[in-house]
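Engineer: Structure for this input, please:
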Amino acid sequence: MSSKETTTAVLVTIAAANQLADASYPRKVSEPHQVALVPREHFKKALRIEERTACALDAIATVLVKASRDEVIAVGLQVDYSSPGSVTITVAANTDVLPTTVKHLTEIWDALYKLRIKYRAQQEKEKSKKQAYADEMPPKPHEAPLPVEHCELVKLVYVYSFAKFSRRLEKCYHKIISTLNMLKDRVKSGELDQDDDTILNLFYVLGYLRSFHNYDMSKLQENQFIKNMTATFFAFQELLSETEKSRARAILGTSFEDTWRHIEKSLALQTAIMDLDRFAGSRRMSPILSKTLIVNNLPAAICAELPSQISD
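Structural biologist: As a prediction, this is how the structure comes out:
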């Protein structure tokens, strides 16, 4: 994200936060998350769950971006904890929020609700067997068959954001190819061990991303695409530990920063999907999915006025 896009994102996020008057605990604008908002009476609870809430909001904002470029979206969240209560999501953007964006948000919310029902059923089944999930989470997708509801969420996200996904892959394609060729040459010469876990995971991630270049949109509906994207995500997760990342840095040398940045951008949608999946599977957070959803659109004109309202 360019400095201009980053500034725009910050302003749009602040606008989303300011729109919710009876809310508190916004994140520092310098932090790489959307604003997490909860009612004041739940402030102490927010200190414990704020990070997870922010991740969920980041994920929602990410999957709402449709344009291939120059679109920035932020969301604010407020929960009415009464029964049955409601959830208010305020959507702000650097342009007026389109009806298609609101429609997509409601579709995402519905998909998450169905996923929550699925995971709740699994959790109750395991509970009856006295086998509690660690971290209150359902099985990870790479350790169990992908639920139909999860696959529907994946399809919904990629079909909507296909232009953004394709552009990111287009921008990083040549870097992926050059890095893959470099790794292949070093393995062939015996400099690198092809059976090394770090090398294998780098090959998996880069190889899969290369296969998604110029991808046929009709194939997004196929389960093979979903399986391959999930495999790519988890292969990259294996590289994120401090030890593995240091090894990857040593292997890739001067090309590490560029390559790593391109991988993260290419997997941004999949990362958001997995964060939403965790949200739907969390016993503590997912109950809000059963509340009535209210969506507020924040006019772009309000965001445009922000610079004059902010002091250094």
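Engineer: just the helices in this protein please.
Structural biologist: For the chain, the helices defined by DSSP state H occupy 3-18, 43-63, 99-128, 148-160, 162-188, 197-211, 223-237, 242-252, 256-266, 268-281, 300-309.
Engineer: report the angle between the axes of the third one and helix 268-281?
Structural biologist: Which is helix 99-128. Between helix 99-128 and helix 268-281, the angle formed by their directions is 50 degrees, by axes from the mean of the first three to the mean of the last three C-alpha atoms, to 10 degrees.
Engineer: wait, what's in contact with the spatially most central residue of the chain?
Structural biologist: Of all residues in the chain, the one closest to the mean position by C-alpha atoms, centre = their mean is A272, 1.4 Å from it. A272 makes contacts with 58-60, 62-63, 157, as judged by C-beta atoms under 8 Å, 6 or more residues apart in numbering. From N, CA and C alone the C-beta is placed, and that goes for glycine too.
Engineer: and the two most separated of those residues?
Structural biologist: The most widely separated members of the contacts of A272, counting by C-beta to C-beta, are D58 and V157 (13.8 Å).
Engineer: out of those two, which sits in the busier spot?
Structural biologist: Each of D58 and V157 has its neighbours counted (other C-beta atoms under 10 Å); V157 has more, 25 against 21.
Engineer: Specify the residue positioned farthest from the middle of the chain.
Structural biologist: S189 (38.3 Å).
Engineer: between the contacts of A272, which is nearest K291?
Structural biologist: I60 (15.0 Å).
Engineer: Just give the number of residues close to the closest one.
Structural biologist: Neighbour tally, I60, other C-beta under 10 Å: 24.
Engineer: May I have the beta-bridge partners of the closest residue in space to it that isn't next to it in sequence?
Structural biologist: Nearest residue to I60, sequence neighbours excluded (C-beta to C-beta, 6 or more residues apart in numbering): V75, at 5.3 Å. Beta bridges link V75 to V91 when assigned by DSSP bridges.
Engineer: Quick one: neighbours of V75, just the number.
Structural biologist: Number of residues near V75 (other C-beta under 10 Å) recorded here: 29.
Engineer: do E170 as well
Structural biologist: Look at E170: counted by other C-beta under 10 Å, it has 12 neighbours.
Engineer: if I pick it, what's in contact with it?
Structural biologist: By C-beta under 8 Å, 6+ apart, the contact set of E170 is H213.
Engineer: Give me the pLDDT value at it.
Structural biologist: Looking at E170, its pLDDT is 92.
Engineer: what does V102 give?
Structural biologist: So, for V102, pLDDT stands at 93.
Engineer: Can you pull the poorly scored residue ranges out of the stretch 51-200 of the chain?
Structural biologist: Within the stretch 51-200 of the chain, the segments meeting pLDDT under 70 span 126-144.
Engineer: ok, and which of the helices of the chain has the densest surroundings?
Structural biologist: Mean neighbour count, computed with mean count of other C-beta atoms under 10 Å, is highest for helix 268-281 among those, reaching a mean of 22.
Engineer: Format the helices of the chain as TSV; extra columns: distance to L293.
Structural biologist: What follows is the helices of the chain, written out as TSV (distance: least, C-beta to C-beta, whole Å):
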stretch	distance to L293
helix 3-18	16
helix 43-63	11
helix 99-128	5
helix 148-160	16
helix 162-188	24
helix 197-211	34
helix 223-237	25
helix 242-252	38
helix 256-266	29
helix 268-281	14
helix 300-309	22
